[in-house]
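Peer 1: When you get a sec, could you give me coordinates for this:
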Amino acid sequence: MSMSRFSRFSTHGLFVLMLAISFPVSAHFQMLYVEESALERGAAVSMGLVFTHPFAGGPTMVMGEPRSFRVVSQRGDEARPVLTDLKKYLQPIEWQGVGTRAAAYQAVIPREVMRSQGDYVFILEPEPYLEKEEDKYIQQFTKLVMNVGGVPGNWAEPQGLPAEIQPLNKPYANWVGGVFRGIVLSKGKHVPFAEIEIEYVNHAPDLAGKSFAVNGAVTAPHPAYGNMSIKADANGTFALGLSRAGWWGVCALHVGPVTKHMGKPLSQDAVLWIQAKDMH
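Peer 2: So this is what the prediction gives:
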């Protein structure tokens, strides 16, 4: 549970403390997971959509039916991006997290969608999730960028989302030890000093088994290492060092313009997924 989201100690404090003992301090992250973000050629792609705490592998939260799921593709030499609605490929599943099981979604994106060289920006707009312990809703506008064939395209282009992270590095081409940079946006405008949470996907996802590995790749020396927090600068720009191979999630909190849903506070967050590779 993300302690940075709590503004005061609630009557549910004992329950929250019990969760903190069971799981390292971690943040909510809407995952859009694929095994590989950079493909040599066009192919069908299996993708998992899970709302969870990536470093701890749980607890995993129940996902409602996404409001929108789409991909925007473009080669560098194309004049216009191509938008494809992907909701018809979504299939409801149950995802087994570490100690929890919850409703999630899976999609197999056919080769006909990803047959051409270039960039593919996947965008998920989930239904707001009621976090009962905080008595508020959370809605995370989530992006995953893939590439086919090494031909760059629209990876750096903002997609006009209410809450968004604009990458300044290709999210699909990062060496371990490198630095990833991005800009936090709210309806296209830079967000000064945005609060950002970062988590490593520490429990290997198994798309076929619809589950996380029980054992994590690393053990945090202190709870603060599971969910790391940074601030953007005055221009909304941030930098992240990629210290280990795998997937990293970046979440900018409370940056969307809508702050109420169903009579309760709403946090519209921006999530971007980054893959890093070892240099052999």
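Peer 1: CA only for contacts and neighbour counts going forward, please
Peer 2: Will do.
Peer 1: Return the distance of the helix or strand harbouring residue 270 from the chain's centre.
Peer 2: Following DSSP states H and E, the helix or strand that holds residue 270 is strand 264-277. On the basis of Cα atoms, centre = their mean, to the nearest Å, strand 264-277 is displaced by 5 Å from the centre of the chain it belongs to.
Peer 1: do the same with stretch 42-56
Peer 2: Relative to where its chain is centred, stretch 42-56 has its mean C-alpha point 9 Å off (Cα atoms, centre = their mean).
Peer 1: Okay, strands next: where are they in the stretch 51-200 of the chain?
Peer 2: Taking DSSP state E, counting those that start in this stretch, the strands of the stretch 51-200 of the chain run over residues 68-74, 82-85, 90-96, 101-109, 118-125, 129-131, 136-148, 163-167, 174-175, 179-186, 189-190, 195-200.
Peer 1: Please identify the deepest-packed of the ones you listed.
Peer 2: Among the strands of the stretch 51-200 of the chain, the stretch with the highest mean neighbour count (mean count of other Cα atoms under 10 Å) is strand 163-167, at a mean of 27.
Peer 1: Just checking: what are the partner strands of that strand?
Peer 2: Using DSSP bridges, the strands paired with strand 163-167 in its sheet are strand 179-186 (antiparallel).
Peer 1: which residues sit against the partner strand?
Peer 2: Applying Cα atoms under 8 Å, 6 or more residues apart in numbering, the external contacts of strand 179-186 come out as 161-169, 171, 174, 190-191, 194, 232, 235-242, 252, 255-257, 270.
Peer 1: Make TSV out of the strands of the stretch 51-200 of the chain and add distance to residue 263 and mean pLDDT.
Peer 2: Formatted as TSV, the strands of the stretch 51-200 of the chain follow (distance: least, Cα to Cα, whole Å; pLDDT from 0 to 100):
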stretch	distance to residue 263	mean pLDDT
strand 68-74	22	95
strand 82-85	30	95
strand 90-96	28	98
strand 101-109	25	98
strand 118-125	20	97
strand 129-131	11	97
strand 136-148	9	98
strand 163-167	21	98
strand 174-175	42	98
strand 179-186	22	98
strand 189-190	26	98
strand 195-200	24	98
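Peer 1: Any idea which of those strands gets closest to residue 51?
Peer 2: Closest to residue 51 of the strands of the stretch 51-200 of the chain is strand 101-109 (Cα to Cα; 7.2 Å).
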